[in-house]
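Peer 1: What follows is a protein structure lacking sequence information:
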């Protein structure tokens, strides 16, 4: 399996913070309160930096496609009760809460629908899903930034999408209901908490 994000792994935080400050970190940390004692799943967690300060309270599984990102995540999450794995999540296990940090915008709509079906099956009763991602940009500056960002990732990481997925619609179609959300950058970046409808 190719490691499309491998060469970016060592400099990902530098790039991210130079463009977005700590907003992506904050979005990934949203809804981590009260997870002590709950079994969680993080799919596409990257280098794990966003979860480092919560590592003593988390238990469950952590998956990322990039072997190099996973290697860095193991260092950042040392001492946690997360099983950090490289590769695609196999769709197994049962979880109280599943986190999708900036991963849906890398998938085609049919892949998102398939993943959401697997996620729904993996949730324990009263389980929840947290989606952190980019949404509709506000204003010309954000629109141009988004176009530039997508082009950069299409060139550097083999990113396949030319646009952003309609995340809320895909989640509602999959049988989820929005319960809470937190926003940054006027709603361009959001973290949304969903339950099963």
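Peer 2: Everything's here; your move. It should be emphasised that the depicted structure is a prediction, and the values quoted were computed from it without experimental measurement. Numbering: from 1, shown residues only.

Peer 1: Next, count neighbours for residue 108.
Peer 2: Using other C-beta atoms under 10 Å, residue 108 is surrounded by 11 other residues. Yep, even glycine has a C-beta here, placed from its N, CA and C like the rest.

Peer 1: Apologies, that question was intended for residue 161.
Peer 2: Neighbour count for residue 161, taken as other C-beta under 10 Å: 15.

Peer 1: Doesn't it lie inside a helix?
Peer 2: No: Residue 161 sits outside any helix when classified using DSSP: H, G, I helix; E, B strand; the rest coil, being coil.

Peer 1: surely it meets residue 106?
Peer 2: Yes: applying C-beta atoms under 8 Å, one finds residue 161 in contact with residue 106, separated by 6.8 Å.

Peer 1: I'd like the average pLDDT over the longest helix seen in the chain.
Peer 2: Secondary structure assigned by DSSP state H gives helix 139-157 as the longest helix of the chain. Averaged across helix 139-157, the pLDDT comes to 87.

Peer 1: and the helix or strand where residue 61 lies, which residues are buried?
Peer 2: Assigned by DSSP states H and E, residue 61 falls within strand 59-64. Going by neighbour count (16 or more other C-beta atoms under 10 Å), the buried part of strand 59-64 is 59-64.

Peer 1: now it, how far from the centre of its chain.
Peer 2: 12 Å (C-alpha atoms, centre = their mean, to the nearest Å).

Peer 1: Which strands and helices lie in contact with it?
Peer 2: strand 39-43, helix 67-76, strand 81-86 (3 or more C-beta pairs under 8 Å, 6 or more residues apart in numbering; DSSP states H and E).

Peer 1: which residues touch the nearest residue to residue 39 once chain neighbours are set aside?
Peer 2: Once flanking residues are discounted, residue 39 sits nearest to residue 60: 4.5 Å by C-beta to C-beta, 6 or more residues apart in numbering. Applying C-beta atoms under 8 Å, 6 or more residues apart in numbering, we find residue 60 in contact with 38-42, 81-83, 93, 95.

Peer 1: Thank you kindly, that will do.
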